[in-house]
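K.L.:
the following comprises the amino acid sequence and a computationally predicted model.
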Amino acid sequence: PPRYIADHMRGLCECLSARDVSLPRFTSMAVGKVMTLLSDKQCNIALFRDIQLNIHSLLAMLRKASSAVLDAHEFDDEIESVQNSKRNVHDELVARLLPITEFVSGLAIPPRHLMQESQSILSKIEATIASEGTHDPFSVDMNELIPNEFFRRNEEELRGKMNVNHPVVVEMHRAIDNAVSKLCEAVKNQHRPDVLEVSLDLMDNSIFYTAKKQSTKSTNSVSISKLGDEYIPFVDRKGKEASKRRVTTVALREALNKYLVLVEKATLKIATMLQTLSEDINESKFTIIQASHWAVVLETASTHTAAAKQKNWVLPTLVDFPADSTSTSLVVKGLTPYWLDRRSAVRNDVVLNGICLLTAPNMSGKSTLMR
């Protein structure tokens with residue numbers, strides 16, 4: 001990278017190492033993949049939440065920075081004043097991160113504009129996507145006849161995913177809750193606990209009755225003809241009668257089909273809502289790109305700094321040669337490979353002055369020395 005970017009990265013690491021900093025949580029994302037999914041309208045809820053997290057954290061850091069940093073076009077003077085004052089650690093972090101992410105992303109977005117776009121993105125996501133931990137329970141049969149697993153499997157893509165106050169979601173939940181009520185009622189009305197038990201086929205996604213055996217020693221079960229005209233043989237979704245012991249009723253079959261159709265329609269509605277949201281926030285894709293790079297740079301600097309403190313690495317200071325100097329020498333004392341423990345590594349002093357010819361056998365450390 002250019003010298004000024006290296007200086008900013010060094011300053012960022014120094015700030016993270018020397019100052020007591022509480023950083024918001026970010027998550028690293030593959031920027032190219034995110035942009036492709038947004039343009040193709042294929043973002044899922046997990047990805048929207050990752051975008052939301054990064055945008056929210058970026059906005060939180062920018063809001064803690066002073067106006068002098070946010071309004072500065074060149075950050076060098078501002079950084080110097082911030083370092084001297086030591087008043088706001090977020091000023092120094094933001095002043096360092098802005099030019100680095102601008103260089104990495106290739107996008108020069110004014111901080112104030114970043115804040116406005118970030119707020120717009122958050123508003124759109126929050127209006128559509130449910131926050132994690134939102135109370136949106138699965139349907140339950142209060143009669144305790146239909147196993148809870150049936151509703152969990154069918155509503156897994158519906159519950160806790162979308163904003164429950166969104167008009168489309170409100171109507172969707174109302175229709176499903178009504179269908180669940182009728183399904184539970186149909187199961188209860190035709191249930192004869194003395195001879196029938198409610199059964200669930202998860203593979204076929206079906207609810208039916210199974211005739212109980214007449215006795216523990218008998219392999220015979222109650223005949224369908226003896227149950228009444230309202231009971232009919234159960235036929236699975238492939239059109240096959242799996243067992244003579246399985247029965248259903250017209251009311252149960254219709255209530256079950258209505259519930260499953262509504263769940264399928266709701267799933268399609270959610271897919272449409274996610275496509276619309278992808279299209280809406282894609283208008284602010286440059287801010288999303290910037291936030292993604294911001295997350296990567298900050299995570300890189302944070303983890304690097306933590307490792308450096310643990311391994312007792314030295315943060316170098318790069319200085320310019322005096323204007324009247326003809327020397328180009330580089331003197332490094334006690335040099336060791338960065339991945340080795342300095343307590344056990346052999347230290348070497350290196351002096352480079354002008355052109356240097358480096359020769360040695362294979363695997364002897366030429367590349368290590370150059371690095």
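P.N.:
Structure's in. What do you need? Numbers count the residues shown, from 1 in each chain.
K.L.:
so what's residue 115 closest to, chain neighbours aside?
P.N.:
residue 62 (5.2 Å; CB to CB, 6 or more residues apart in numbering). C-betas here are computed from N, CA, C, even on glycine.
K.L.:
what of residue 249?
P.N.:
For residue 249, ignoring the flanking residues on the chain, the nearest one in space by CB to CB, 6+ apart is residue 190 at 4.6 Å.
K.L.:
checking my notes, the residue nearest to residue 115 in a strand, right?
P.N.:
No - assigned with DSSP: H, G, I helix; E, B strand; the rest coil, residue 62 falls outside any strand and is helix.
K.L.:
show the contacting residues for it.
P.N.:
Applying CB atoms under 8 Å, 6 or more residues apart in numbering, we find residue 62 in contact with 70, 94, 111, 114-115, 118.
K.L.:
sort these by pLDDT and name the bottom one.
P.N.:
Lowest pLDDT of the contacts of residue 62: residue 70, 86.
K.L.:
now do the contacts for the closest residue to that one other than its chain neighbours.
P.N.:
With sequence-adjacent residues excluded and distances taken as CB to CB, 6+ apart, residue 70 is closest to residue 111, at 4.3 Å. For residue 111, the contacting residues are 62, 65, 69-71, 94, 98, by CB under 8 Å, 6+ apart.
K.L.:
and if you look at residue 9?
P.N.:
Residues in contact with residue 9, defined by CB under 8 Å, 6+ apart, are 1, 96, 100, 301.
K.L.:
quick one, which of those are buried?
P.N.:
Among the contacts of residue 9, those that count as buried by neighbour count (16 or more other CB atoms under 10 Å) are 96, 100, 301.
K.L.:
closest one of those residues to residue 131?
P.N.:
Closest to residue 131 out of those is residue 301 (28.4 Å), distances taken as CB to CB.
K.L.:
what residues sit buried inside the strand or helix carrying the closest one?
P.N.:
Assessed by DSSP states H and E, residue 301 sits inside helix 285-311. Neighbour-count burial for helix 285-311 flags 285, 287-298, 301-302, 304-305, 308 (criterion: 16+ other CB under 10 Å).
K.L.:
next, format the buried ones among the contacts of residue 9 as a markdown table and append distance to residue 182 and pLDDT.
P.N.:
Converted to a markdown table, the buried ones among the contacts of residue 9 look like this (distance: CB to CB, whole Å; pLDDT from 0 to 100):
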| residue | distance to residue 182 | pLDDT |
| --- | --- | --- |
| 96 | 61 | 93 |
| 100 | 59 | 95 |
| 301 | 58 | 93 |
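K.L.:
would you map the strands across the chain?
P.N.:
Assigned by DSSP state E, the strands in the chain fall at 196-201, 206-211, 231-233, 246-249, 330-335, 348-352.
K.L.:
now the angle from the second one to strand 196-201?
P.N.:
Think strand 206-211. Here strand 206-211 runs at an angle of 140 degrees relative to strand 196-201 (axes from the mean of the first three to the mean of the last three CA atoms, to 10 degrees).
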